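K.L.:
kindly return the folded structure for what I paste below:
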Amino acid sequence: MYHPTRLDSDWLDLHLNALFVHDGQGRLVTRNDLDRGPTPRFFLGRTRDGNRWRFREDISDALVARLDALCAEEPFVPDLREPPRYEARYREVLARHAPVRDTWSGPAYRFPDTLPLTDANVVPLTRDNATLLHGGDLEPWIEDIGQSEPLLAFVRDGRAVSVCGSVRITTEAHEAGVETSAGVRGRGFAVAVVAAWARAVRELGAEPLYSTSWDNASSQAVARKLGLIPYASDYWLM
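P.N.:
Numbering: from 1, shown residues only. Presented below is the predicted three-dimensional model:
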C-alpha cells in the first residue's frame with residue numbers, strides 16, 4: 001500500500017476527503033463521521049510541497065474570495081509546527097461572517113511501510129464480544145461496532161483497555177480513532193492496537209491515516225513510538 005512517490009500534498013488530499021463531505025463546488029457540508037457533525041468554517045492544510053484550503057458551504061462568495069487570495073499567498077512550511085503566516089488575517093476576515101468561536105490545529109501522519117506484528121491480545125470487536133467494552137469508559141464504542149471497521153481492541157484481564165477503529169472512511173483512506181482507558185494509559189496498549197488497525201486497513205486496500213492536535217501529547221507519543229511520518233499541519237477555524 002505504501003507509495004514512495006506520493007507527495008505530502010497528495011496525502012493531504014486523502015486526508016481532506018476522509019475528514020469532510022464536500023458539495024459539488026468543493027465546499028464543506030458535514031464531517032465524514034458517524035455523527036455528521038458541523039465542519040469548520042475554514043480549513044487550511046499545509047505541507048512542505050503544497051497547501052489545500054476549504055470553506056464551509058454557508059460562507060459568502062465575497063468572503064471566500066478574500067480568504068482564497070490570502071491562502072494563495074500562504075507559504076509552504078518546512079516546519080509543520082509553524083503557525084500560518086496570515087492567521088490573524090484569516091480570523092479578521094472570517095469574523096465578518098460571525099465571531100470565531102474556536103481554533104484547532106495539529107499534525108496529520110501517515111504510516112511507514114513496515115508495521116509491528118499484531119499483538120496476540122488485540123481482537124476485532126463484534127456484536128458477539130461487545131461485552132469486552134461493558135462497564136468501563138470505553139463502553140460508548142459499542143455503537144461503533146458494525147460501522148467503524150476495522151474496529152479492534154486490546155484485551156487485558158478479559159476487558160478492552162484500548163480501542164482503535166476507522167472513524168472516517170473513504171474507499172482510499174481510513175482515519176484512526178483511538179481511545180485508551182484512563183487508568184492504563186502509557187503502557188503501550190494504544191501503540192499495539194493502532195498498529196493492528198493500520199495492518200487491517202491495508203488488508204482492505206486502503207491507506208491508514210492518523211491525525212491529532214498539537215496539544216495532545218499522549219496521542220503524539222503513540223505516533224512517535226510507531227514511527228509515523230508527519231505530512232501536513234491542519235488549521236481549523238470554527
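K.L.:
domain assignment for the protein?
P.N.:
Following automatic domain parsing, one finds the domains of the chain at 8-109, 122-231.
K.L.:
partner strands of the longest strand along the chain and their direction?
P.N.:
Secondary structure of the chain per DSSP state E: the longest strand is strand 159-169. Strand pairing for strand 159-169, using DSSP bridges, gives strand 151-156 (antiparallel), strand 173-180 (antiparallel).
K.L.:
ok, then the element right after the longest one?
P.N.:
Following strand 173-180 in sequence order, the next helix or strand is helix 189-203 (DSSP states H and E).
K.L.:
C-terminal to that following helix, what's the next element?
P.N.:
strand 207-211.
K.L.:
can you list the strands that that following strand pairs with?
P.N.:
With DSSP bridges as the test, strand 207-211 is paired with strand 103-110 (antiparallel), strand 173-180 (parallel).
K.L.:
as a markdown table, those strands with mean pLDDT would be great.
P.N.:
Below are these laid out as a markdown table (pLDDT from 0 to 100):
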| stretch | mean pLDDT |
| --- | --- |
| strand 103-110 | 98 |
| strand 173-180 | 98 |
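K.L.:
just say which of the ones you listed is most tucked in.
P.N.:
Mean neighbour count (mean count of other CB atoms under 10 Å) peaks for strand 173-180 among these, with a mean of 23. Glycine gets a C-beta too; all of them are placed from N, C-alpha and C.
K.L.:
let me see the contact set for L228.
P.N.:
Contact analysis of L228 by CB atoms under 8 Å, 6 or more residues apart in numbering lists 109-112, 210.
K.L.:
can you check R156 too?
P.N.:
Shown in contact with R156 (CB under 8 Å, 6+ apart): 121, 184, 189.
K.L.:
show the buried residues in these.
P.N.:
Buried subset of the contacts of R156 (neighbour count, 16 or more other CB atoms under 10 Å): F189.
K.L.:
from the contacts of R156, pick the one nearest A173.
P.N.:
Nearest to A173 among these, counting by CB to CB, is F189 at 24.4 Å.
K.L.:
which residues does that closest one contact?
P.N.:
Shown in contact with F189 (CB under 8 Å, 6+ apart): 154, 156, 161-162, 180.
K.L.:
so where's this protein uncertain?
P.N.:
Where the chain drops to pLDDT under 70, the residues are 1-4.
K.L.:
spatially central residue for it, please.
P.N.:
Nearest to the geometric centre of the chain sits S211, at 3.7 Å (CA atoms, centre = their mean).
K.L.:
roughly how far does that residue sit from I142?
P.N.:
Using CB to CB, to the nearest Å, S211 is found at 24 Å from I142.
K.L.:
which one of the strands paired with strand 207-211 lies nearest to P230?
P.N.:
P230 sits nearest to strand 103-110 of all those, at 4.7 Å, using CB to CB.
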